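1. sequence first, then the predicted structure, then my questions.
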Amino acid sequence: MSSLRIVRARVSSAENHLGDRFWNPKIRWSVKQAVFVELETADGLAGLGECWCFDRSPAPLAAYLHSEVLPEIIGQTIDDVPGIVEALVRKATLTARHGVLASAISGVDLAVWDLRARAAGLPLWQSLNADGPGEAHLYASGGLYGEGKGPAELAQELKSYVDRGFPAVKMKVGGVSEAEDVERIRAARAGIGPNTKLIIDGVYSFDLAGAARLYEKVEPLGIAAFQSPLPAEELQGMRQLCQQGIPVMGLEAEYRDEVLSELIEGRAVTVLQLAPIACGGPSRIAKLIGRARAAGIDLTLETSSTAIATMAAAQIAAAWRDVRDIEVHQLHRLFFDQIQLDQTRVVSPLRLPSTPGLSVTLKPERVTACFELEQPAHLRGTTPQNAATKAGRTKKRPPLPAAS
C-alpha cells in the first residue's frame, strides 16, 4: 500500500436543479451543488470522494482544495495522508478555516479509502473492517413542504417509499404552524401504517418549549426520532429533551470535536447523526463509533447529496454494526441511476456488492471540471515532501467556476 503514490488530483462539480418547488423550514431548494475529489496513482488507479457543499456555488470549496489542501497531497503516498490531514487541522487553528477544511478532507479521506480498497481488490467496507456485517439498513428521506402538497399528498408520498420497501421514512416539520404539523404527522402515520418507523426533522427550527410540545402531541403516533429540533448551538436544550424521553437525533454536518464530545459523552442526543462527507470521512467515523457505543448512543449516517455520498455511507454501515441505518434521500438524487438503489423495489438491509472500492464511479461527461493538479513525471517516486508539494503547486491552474 505504501507504494500508492498520488500523482494527480481532479476536482469537479455537478448541480441538481430542483425548481423552487420544495422546501424545509430553512431552505427553498432551487439548486443543490456537489463537489468531488479524485486521486490518482502513477499506474492509473483512482479513488473517488465527495465533499459537503451547501453553498450557492462550488467555487469557494474548489478554490480551497486547489490552493490549501491538494498541493500538500500531490506526490505523497496514501499512507502519508493522515499525517498531512493532522497538520492541516493544526494549521486551521491559525487560519480559522476549520469548516471548509472538514469538508475538503472528508472528500480526500473517502478517496484515499477508495484507493486503498481498489488496490487490495476489496469492497470499501471490507477494507475498513473485514468483520463488518456487509449490509446497510436504509430509510427514505423526503416529506418536504411543497407547492400544492397538503397532508394527503404527504401521506401518499411517504406511502410510496414504504411500498418500495423502505422500513423507515423521514419528514420535515417546523415550517408551518404547530397545528398544521400535527395534522401532517397524523396523515403521515396513517399513510405508512403502524409498523413503519417515522422520523421527524425540525431542521433546527424550534425552541425548547415548542419542540417538547410538538413531541408530546404526536408521541402516541410513534416517533422513532426527532432530528435537529433546536438550533445547533443549544446543546443543553437538546440534553433536556433527551432527559424528557424525547429521542433526539443530530447534528447532521457537525465536525467539531468539542461539539461531538458534548453530543456523545454529554448525552445531548439519543441518536448521533454523522455525514461522512462533512465530518472527516470514514477515518473520523471509525474513531467516533467506539465513543458512541460506550455512551449507549445509536449511530446513523446522513446523505443529502449524491449517489457517491450514499454509497460511502452504505459502505461504512456495512463495516460496522454500530451504524443503525443510513439516509437515502428522495430529493437530492444525483447519479442514482449508477447504483443499485435506483430501483422500483428496495431491499433493506442492502447487501453491499463485492466490487472493489466504493462501487460507484464518476462519469466525466456528467460533471463540470474545476481543475486538475499533477506532479511532473520526472519527480514521481521522489520522497522529499517539499519537492513533491512544490511540483503540485507549480502546475498551471485552470480557471475555477465563477460564483453565481
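-> Yes, it's here.
2. do me a favour and average the pLDDT over the lengthiest helix in the chain.
-> Ranked by number of residues, the top helix in the chain under DSSP state H is helix 98-120. The pLDDT scores in helix 98-120 average 97.
3. after that helix, which helix or strand is next?
-> helix 124-128 (DSSP states H and E).
4. helices or strands up against that next one?
-> With contacts defined as 3 or more C-beta pairs under 8 Å, 6 or more residues apart in numbering; DSSP states H and E, the packing partners of helix 124-128 are helix 98-120, helix 282-295, helix 307-319. The C-beta positions use only the backbone N, C-alpha and C, and glycine is treated the same way.
5. backbone dihedrals for residue 171, both of them.
-> For residue 171, the backbone dihedrals (degrees, to the nearest 10) come out as phi -130, psi 160.
6. check contacts around it.
-> Going by C-beta atoms under 8 Å, 6 or more residues apart in numbering, residue 171 touches 142-144, 154, 158, 184-185, 188, 198-201.
7. domain parsing for this protein?
-> The chain breaks down into these domains under automatic domain parsing: 6-122+360-394, 127-351.
8. mean pLDDT for those domains: which is lowest?
-> Looking at the domains of the chain, the bottom one is domain 6-122+360-394 with a mean of 91.
9. ok, so of the contacts of residue 171, who is nearest residue 97?
-> Nearest to residue 97 out of the contacts of residue 171 is residue 201 (C-beta to C-beta; 28.6 Å).
10. for the closest residue to that closest one other than its chain neighbours, give me its contacts.
-> The shortest distance from residue 201 to any non-neighbouring residue, by C-beta to C-beta, 6 or more residues apart in numbering, is to residue 227 (4.1 Å). Residue 227 makes contacts with 170, 199-203, 248-250, 252, 273, as judged by C-beta under 8 Å, 6+ apart.
11. same list, these, but as JSON lines with neighbour count please.
-> As requested, the contacts of residue 227 are arranged in JSON lines below (neighbours: other C-beta atoms under 10 Å):
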{"residue": "170", "neighbour count": "26"}
{"residue": "199", "neighbour count": "23"}
{"residue": "200", "neighbour count": "26"}
{"residue": "201", "neighbour count": "25"}
{"residue": "202", "neighbour count": "27"}
{"residue": "203", "neighbour count": "19"}
{"residue": "248", "neighbour count": "29"}
{"residue": "249", "neighbour count": "25"}
{"residue": "250", "neighbour count": "28"}
{"residue": "252", "neighbour count": "20"}
{"residue": "273", "neighbour count": "24"}
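12. most centrally placed residue in the protein?
-> residue 275 (3.3 Å; C-alpha atoms, centre = their mean).
13. phi and psi next, for that residue.
-> For residue 275, the backbone dihedrals (degrees, to the nearest 10) come out as phi -110, psi 110.
14. count the residues that sit near the nearest residue in space to it that is not next to it in sequence.
-> Ranked by C-beta to C-beta, 6+ apart and with sequence neighbours excluded, the top spatial neighbour of residue 275 is residue 302, at 4.2 Å. Burial of residue 302 is recorded as 26 neighbouring residues (other C-beta atoms under 10 Å).
15. thought residue 302 was touching residue 254?
-> No: taking contacts as C-beta atoms under 8 Å, residue 302 lies outside contact range of residue 254: 9.9 Å.
16. mutual contacts of those two, please.
-> 274, 278.
17. and the gap between residue 236 and residue 49?
-> Separation of residue 236 from residue 49 (C-beta to C-beta, to the nearest Å): 35 Å.
18. those two: which is more packed in?
-> residue 49 (30 against 13).
19. parallel or antiparallel, which strands does the helix or strand hosting the more buried one pair with?
-> Residue 49 is part of strand 46-51 when elements are defined by DSSP H and E. Here strand 46-51 has these sheet partners by DSSP bridges: strand 28-41 (antiparallel).
20. the partner strand to helix 98-120, inter-axis angle?
-> For strand 28-41 against helix 98-120, the angle by axes from the mean of the first three to the mean of the last three C-alpha atoms, to 10 degrees is 50 degrees.
21. span of stretch 200-216 from start to end?
-> 13 Å (C-alpha to C-alpha, to the nearest Å).
22. show me what the helix or strand following the strand holding residue 49 packs onto, helices and strands only.
-> Next helix or strand after strand 46-51 toward the C-terminus (DSSP H and E): helix 59-64. Applying 3+ C-beta pairs under 8 Å, 6+ apart, we find helix 59-64 packed against helix 98-120.
23. hey, C-alpha coordinates of the helix it packs on in PDB?
-> What follows is helix 98-120, C-alpha atoms only, in PDB (Å, rounded to 0.1, in the frame of the first residue of the first chain):
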ATOM      1  CA  HIS A  98     -12.000  24.500  10.100                       C
ATOM      2  CA  GLY A  99     -15.400  24.200   8.500                       C
ATOM      3  CA  VAL A 100     -14.300  24.200   4.800                       C
ATOM      4  CA  LEU A 101     -11.300  22.100   5.800                       C
ATOM      5  CA  ALA A 102     -13.500  19.400   7.300                       C
ATOM      6  CA  SER A 103     -15.500  19.300   4.000                       C
ATOM      7  CA  ALA A 104     -12.300  19.100   2.000                       C
ATOM      8  CA  ILE A 105     -10.600  16.400   4.000                       C
ATOM      9  CA  SER A 106     -13.800  14.300   4.100                       C
ATOM     10  CA  GLY A 107     -13.700  14.000   0.300                       C
ATOM     11  CA  VAL A 108      -9.900  13.300   0.400                       C
ATOM     12  CA  ASP A 109     -10.200  10.700   3.100                       C
ATOM     13  CA  LEU A 110     -13.000   8.900   1.200                       C
ATOM     14  CA  ALA A 111     -10.900   9.000  -2.000                       C
ATOM     15  CA  VAL A 112      -7.900   7.500  -0.100                       C
ATOM     16  CA  TRP A 113     -10.100   4.700   1.300                       C
ATOM     17  CA  ASP A 114     -11.500   4.000  -2.100                       C
ATOM     18  CA  LEU A 115      -7.900   3.800  -3.500                       C
ATOM     19  CA  ARG A 116      -6.800   1.500  -0.700                       C
ATOM     20  CA  ALA A 117      -9.800  -0.800  -1.200                       C
ATOM     21  CA  ARG A 118      -9.400  -0.900  -5.000                       C
ATOM     22  CA  ALA A 119      -5.700  -1.700  -4.700                       C
ATOM     23  CA  ALA A 120      -6.500  -4.600  -2.400                       C
END
